[in-house]
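Chemist: got a predicted model here, sequence first, then my questions.
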Amino acid sequence: MLIDAHIHIEQYTAEEIPSLLEEVDAVIAVSMQLSSCEKTWRLAQAYRKVKAAFGFHPEQPLLSLRDEDALFEWIRCHAADMVAVGEVGLPYYLRQEQAIDNRPYITLLERFIMLAKELHKPIVLHAVYEDATIACDLLEKHQVNQAHFHWFKGDQTVVQRMIQHGYFISITPDCLYEEEIQQLIQVYPIELMMVETDGPWPFEGPFAGKRTAPWMMHSTIRMIAAIKGLTAQEAAYILMQNTKNFYQL
Ligand SMILES: [Zn+2]
């Protein structure tokens with residue numbers, strides 16, 4: 001069994017989606033904003049393997065308060081059809097490109113954390129490096145424990161804090177060629193780990209020039225198994241069970 005714990009399936013073409021889903025037992029399909037939530041919702045209605053998460057991707061300009069309220073209202077109305085709030089978080093990469101204020105993004109993230117708590121759903125976080133510390137502060141403040149830091153990167157202090165709280169991370173195919181991710185796999189317990197593609201985001205190394213798809217996770221699982229001293233089958237089983245339990249699939 002194979003589950004992609006984080007994919008933007010609504011960004012694939014209608015022709016690509018059926019064959020992509022043949023490679024997996026389920027996908028956690030995250031959303032970017034309201035129109036993306038609507039597309040993801042329709043795909044979840046059409047394909048039982050698509051498990052929807054609704055949110056607002058942080059690496060983009062913020063919404064007006066009116067549009068933000070409309071998004072929250074839409075998510076509340078469709079809460080029965082979603083497995084999580086996501087993806088949400090803080091604009092780390094956008095801040096490397098331009099001088100933008102993180103504070104309104106932090107306010108929005110806090111609002112999403114409160115929404116996850118209100119709806120009793122897990123939360124899918126895009127929060128790397130120093131932003132992970134801010135996310136941890138907010139999660140602790142609101143006593144939200146079901147947190148998944150997707151494609152996580154961060155220093156040892158925040159890694160230890162996340163492990164103590166039992167927060168989950170997911171590993172992307174870049175673990176094949178990124179030493180930083182291999183070191184993270186070494187220290188993070190496999191009991192708190194999942195695998196993902198973040199597709200259609202493209203990868204390098206052995207995946208250069210290839211359309212990102214769930215089959216790439218077989219290589220990710222083999223890398224995790226090698227680092228953890230397990231067989232690929234053992235690692236695959238643990239990672240799949242983690243994802244099933246976390247998202248209550
Ligand atoms: Zn993503």
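Modeler: Okay, I see it.
Chemist: hey, let's count contacts and neighbours off CA atoms from now on
Modeler: Will do.
Chemist: roughly how far does the nearest residue in space to residue 7 that is not next to it in sequence sit from residue 30?
Modeler: Take residue 7 and drop its neighbours on the chain: the residue closest to it by Cα to Cα, 6 or more residues apart in numbering is residue 198, 4.4 Å away. Note on residue 198: its distance to residue 30, by Cα to Cα, to the nearest Å, is 9 Å.
Chemist: overlap in contacts, the two.
Modeler: Residues within reach of residue 198 and of residue 30 at once, by Cα atoms under 8 Å, 6 or more residues apart in numbering, are 6, 7, 8.
Chemist: and stretch 177-190, average pLDDT?
Modeler: For stretch 177-190, the mean per-residue pLDDT is 98.
Chemist: nearest residue to the middle of this protein?
Modeler: For the chain, the residue nearest the mean C-alpha position is residue 150 (3.8 Å; Cα atoms, centre = their mean).
Chemist: that residue reaches residue 126, doesn't it?
Modeler: Yes. With contact defined as Cα atoms under 8 Å, residue 150 counts as touching residue 126 (6.0 Å).
Chemist: quick one on the thing from earlier: the residue nearest to the centre of the chain: what's it in contact with?
Modeler: 6, 124, 125, 126, 127, 169, 170, 171, 196.
Chemist: any idea how far it is from residue 177?
Modeler: 18 Å.
Chemist: and the helix or strand containing residue 136, what's buried?
Modeler: Using DSSP states H and E, residue 136 sits within helix 130-141. For helix 130-141, burial by neighbour count (16 or more other Cα atoms under 10 Å) applies to 131, 132, 133, 134, 135, 136, 138, 139.
Chemist: show me what that helix packs onto, helices and strands only.
Modeler: helix 103-119, helix 156-165 (3 or more Cα pairs under 8 Å, 6 or more residues apart in numbering; DSSP states H and E).
Chemist: would you turn those into CSV with mean pLDDT and distance to residue 60?
Modeler: Listed next are the helices and strands packed on helix 130-141 as CSV, based on pLDDT from 0 to 100; distance: least, Cα to Cα, whole Å:
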stretch, mean pLDDT, distance to residue 60
helix 103-119, 98, 10
helix 156-165, 98, 25
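Chemist: does residue 95 lie in a helix or a strand, and which?
Modeler: Counting by DSSP H and E, residue 95 is part of helix 92-97.
Chemist: quick check: buried residues in the helix or strand residue 184 falls within?
Modeler: In this structure, residue 184 is located in helix 179-187 according to DSSP H and E. Across helix 179-187, burial judged by 16+ other Cα under 10 Å covers 181, 182, 184, 185.
Chemist: state the distance from residue 123 to residue 1.
Modeler: On the measure of Cα to Cα, residue 123 and residue 1 end up 23 Å apart.
Chemist: neighbour count winner among these two?
Modeler: The residue with more neighbours, out of residue 123 and residue 1, is residue 123; 29 against 12, by other Cα atoms under 10 Å.
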